[in-house]
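K.L.:
I would like to see how this sequence folds:
(one chain, ligands or ions: 2)
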Amino acid sequence: PDDILRVRDLSTRFFTQEGQINAVSELDVRIERGEVFGIVGESGSGKSVTARSIMDLVESPGRITDGEIWFDDAELADAVGDDYPDAVDGTLVNLLELPERVRDSLRGTAFSMIFQDPESSFNPTLTVGEQLAEAVEVQRRASANPRSTRARTREYSLASYALSTVLPSRKYVTPESRERAIELLELVGIPDPVKRADEYPHEYSGGMLQRAMIAQALAGEPDVLIADEPTTALDVTIQAQILDLLDDLQAETGMTILLITHNLGVIARMCDRVGVMYAGEIVERGTLADVFDDHVHPYTEGLLGSIPDLEGARGRLEPIPGNVPSLLDEEMADRCRFADRCPKAMEDCLEHPPEYPAAGSDHHEARCVLAETTYDETRALSEDHFGETE
Ligand code: SF4
Ligand code: MG
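P.N.:
Ligands and ions are numbered 1, 2, ... in the order given. The predicted structure is shown next:
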């Protein structure tokens, strides 16, 4: 398959006063070019940390401690190959081997992210049009000349992700970028975009601001759009409209979407393949049909037993009895993390953490002893898709 991203053995930890928290542990996932891949799980399962790890937005005291994030981009491989030969393998680039300034330059152009709360993406003192124009202009310069514009791109990245630290500026607004800003507003379905471009974020409704945030994320024509609970804060009608919009944009641009949500209704509606996350691990992954109809992992079964429909999307999932295990390093036992809540737990589950066998087709895998019986025979298939394991 044509994978645009291959995340291997990714671990992201937080070093707190209470100790080391293993928010994401040895996570493996591959995302195909042009698909919508969903990560679903309860809050605290590590979904957002995974997204932030890919975006290089993990904040202190958190840090990626292990792993590889391979991004397939021939142009990038070419541009960085001489300076960072260890980071490049053919057309693949291991983002974790790149220095920060290069990773910064990828934010917005290769990867963009949208959040639950669009206000965090906008500066209240500039009009929406000015901010979109600035995004367009900065990203345009970055793609025209990746090397010389890294500093400016960094400035822009900081502006959009931590705007509180940056003073308002209009220095990148040009007539062309303003025009493109208006086009972007139109693209995301904002009526009367010429007029709306001159309004400030507080003049937008929640749904409109969500659209504007998507427009901002698209300014640099990213290859991968990461959407973290993009509709959770919206009411049901608006939520459906935003999902439709993402669907349409995906079809139009062919971009890849990584969709993160606790809502299985959203997953069912949007995704081609899905990974179910629990306690910092992906416990089952496969196509929508694999995971919804042929799931192996009892946690997936539990989640599906409590599936809310899209209409009920604002509600929380019915809790599966028991507690999510501590992710504090010293309290983590060497066994299945779902064992304490699992209705099917057996002796074996308490002895060692289950490995990743293939369950059924080569795309469908579950981290559970119930799937391990055919492990040896299917390991070769699995290696085909994920590379050698250990
Ligand atoms: Fe349940 Fe055992 Fe599978 Fe863990 S490995 S999910 S405890 S059956
Ligand atoms: Mg989250």
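K.L.:
I282 reaches V291, doesn't it?
P.N.:
No. Look at I282 against V291 with C-beta atoms under 8 Å: they stay out of range, at 10.9 Å. For glycine as for every other residue, the C-beta is placed from the backbone atoms N, C-alpha and C.
K.L.:
Spell out which residues are contacts of both of these two.
P.N.:
Common contacts of I282 and V291, defined by C-beta atoms under 8 Å, 6 or more residues apart in numbering, comprise V276.
K.L.:
where do the strands sit along the stretch 201-350 of the chain?
P.N.:
For the stretch 201-350 of the chain, the strands defined by DSSP state E, counting those that start in this stretch occupy 224-228, 256-261, 273-278, 281-287.
K.L.:
What distance do you get for the residue nearest to T287 when sequence neighbours are not counted to ligand 1?
P.N.:
Among residues not flanking T287 along the chain, R273 sits closest, at 5.2 Å (C-beta to C-beta, 6 or more residues apart in numbering). Per C-beta to the nearest ligand atom, to the nearest Å, R273 is found 21 Å from ligand 1.
K.L.:
R273 and E32 touch, don't they?
P.N.:
Yes. At 7.4 Å, R273 counts as touching E32 under the criterion of C-beta under 8 Å.
K.L.:
between these two, which one's more packed in?
P.N.:
R273 (22 against 16; other C-beta atoms under 10 Å).
K.L.:
Pull the contacting residues for that one.
P.N.:
R273 touches 32, 35, 37-38, 285-288, 363, counting by C-beta under 8 Å, 6+ apart.
K.L.:
Now compare those residues and name the two farthest from each other.
P.N.:
G38 and H363 (14.2 Å; C-beta to C-beta).
K.L.:
Show me which of those two is the more surrounded one.
P.N.:
Applying other C-beta under 10 Å to G38 and H363 shows that G38 carries more neighbours, namely 28 against 18.
K.L.:
Summarise which helices and strands the strand or helix carrying the more buried one is packed against.
P.N.:
G38 is located in strand 36-40, with elements delineated by DSSP states H and E. Where contact means 3 or more C-beta pairs under 8 Å, 6 or more residues apart in numbering; DSSP states H and E, strand 36-40 is packed against strand 19-32, helix 47-55, strand 256-261, helix 264-270, strand 273-278.
K.L.:
hmm, 6 Å instead?
P.N.:
Judged by 3 or more C-beta pairs under 6 Å, 6 or more residues apart in numbering; DSSP states H and E, strand 36-40 is in contact with strand 256-261, helix 264-270, strand 273-278.
K.L.:
That one: partners in the sheet, and parallel or antiparallel?
P.N.:
Paired neighbours of strand 36-40 in the sheet (DSSP bridges): strand 256-261 (parallel), strand 273-278 (parallel).
K.L.:
Now that strand: average pLDDT?
P.N.:
Summarised as a single mean, pLDDT over strand 36-40 is 97.
K.L.:
Kind regards, and thank you for your time.
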